[in-house]
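# only geometry, no sequence info:
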DNA sequence: GTTGAGGACTTGCATTATGCAAGTGATTAA
DNA sequence: TTAATCACTTGCATAATGCAAGTCCTCAAC
């Protein structure tokens, strides 16, 4: 599945689809961006029930693509932290665009509706906020 | 407009991923949005080589989701035209966001680079332009 | 320092999705 | 009336996914 940048037609959509055109990958990125999750165990807990082997393979390919980094926790050496690289943080607008679209075409609860409104009225501010939170995880 | 969520947690990203979180689906949408393709045969010709059964199943589910419509060509009754619904056209910004991201993180040719610049400097104008072209297909 | 629990993964195997080649059925142009 | 188009199905081999269980550290408690 994971193809190199030389294969295909060189089409941007094709290249992008090879990186994040996968339901589980998008959900992992969502958990990093919006829910502050950072460890393998935390990603497993996300409501949708990703299985362990898939989670491992997706994290590995995201790391290989340079979208996320992985570091051993110095405080607890059996734990590893995952986080967004600059390339990964540059996907925040894309994720917000997904949420905006879904918000316009599906019904959802108040909290979600509020988030969609925020995306439509203050997209850049929200991107900056999410980015800052991600950076604080990098630093911690 | 508003569809109800049957599966998952109701998370917007999850819902969205179920509609377009698939490499072939994204490429079909790209062909509609950027290359003016509208028939089964034209989608098959796209460089990446989608197979016939997958193309059929993706077009069917996009139609079921209300993202694309399908009509028999009155001039040639064995041909069918596919096009973007309003819900589908509302995915144009998302597709452009994919292209923008890829443009920033992969190397690509001049034409693609120009498109990325256009996305960054005149996103709304470009969205309107693509939308108008899609509408003209609807009318034709 | 041994025991047990965490944490992050592998591995094996059944099920499902994909990819390829070939076939079908309804038009339509020759 | 025949041959070519067009939009698909169908059958089957291969690859990806999902589930349960197991492995290999590391850490905390006794």
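Sure, I can see it. Nothing here was measured: the structure is a model prediction, and the numbers come from that model.

# Only C-alpha atoms from now on, for both contacts and neighbour counts.
Will do.

# Show me what from chain A comes close to chain B.
Proximity of chain A to chain B, by CA under 8 Å from any CA of the partner chain, involves residues A:5, A:8-10, A:12-18, A:21-23, A:26-27, A:30, A:47-48, A:87, A:90-91, A:93-95, A:97-99, A:101-108, A:112.

# Next one, pLDDT for residue A:47 please.
Residue A:47 is assigned 77 on the pLDDT scale.

# ugh, typo on my part, it should be residue A:4
On pLDDT, residue A:4 comes in at 37.

# out of the residues of chain A next to chain B, which touch DNA strand C?
Under the cut-off given by CA under 7 Å from any atom of the strand, DNA strand C has nothing from the residues of chain A next to chain B close to it.

# Of those, keep whichever come out buried.
When burial is judged by neighbour count using 16 or more other CA atoms under 10 Å in any protein chain shown, the buried members of those are A:5, A:10, A:12-18, A:21-23, A:26-27, A:30, A:48, A:87, A:90-91, A:93-95, A:97-99, A:101-108, A:112.

# Surely residue A:52 touches residue A:44?
Yes. Checked against CA atoms under 8 Å, the pair residue A:52 and residue A:44 is within contact range at 7.2 Å.

# more neighbours, the two?
Using other CA atoms under 10 Å in any protein chain shown as the criterion, residue A:52 and residue A:44 rank with residue A:44 on top: 16 against 12.

# any idea how far residue B:45 is from the residue minimising distance to the centre of chain A?
For chain A, the residue nearest the mean C-alpha position is residue A:29 (1.2 Å; CA atoms, centre = their mean). Separation of residue A:29 from residue B:45 (CA to CA, to the nearest Å): 33 Å.

# do the same with residue A:83
Counting by CA to CA, the gap from residue A:83 to residue B:45 is 39 Å.

# Which one of these two is surrounded by more residues?
Counted by other CA under 10 Å, residue A:83 and residue B:45 do not tie: residue A:83 has more neighbours, with 24 against 11.

# Next, give phi and psi for the more buried one.
Per-residue torsions, residue A:83: phi -160, psi 170 (degrees, to the nearest 10).

# Check the one 3 residues further on too.
Reported as degrees, to the nearest 10, the phi and psi values for residue A:86 are phi -60, psi -40.

# show me what contacts it?
Contacts here follow CA atoms under 8 Å, 6 or more residues apart in numbering or on different chains; on that basis residue A:86 touches residue A:67.

# Which strands or helices does the helix or strand residue A:115 falls within pack on?
Residue A:115 is part of helix A:110-121 when elements are defined by DSSP states H and E. Other helices and strands packing on helix A:110-121, by 3 or more CA pairs under 8 Å, 6 or more residues apart in numbering or on different chains; DSSP states H and E, are helix A:92-105.
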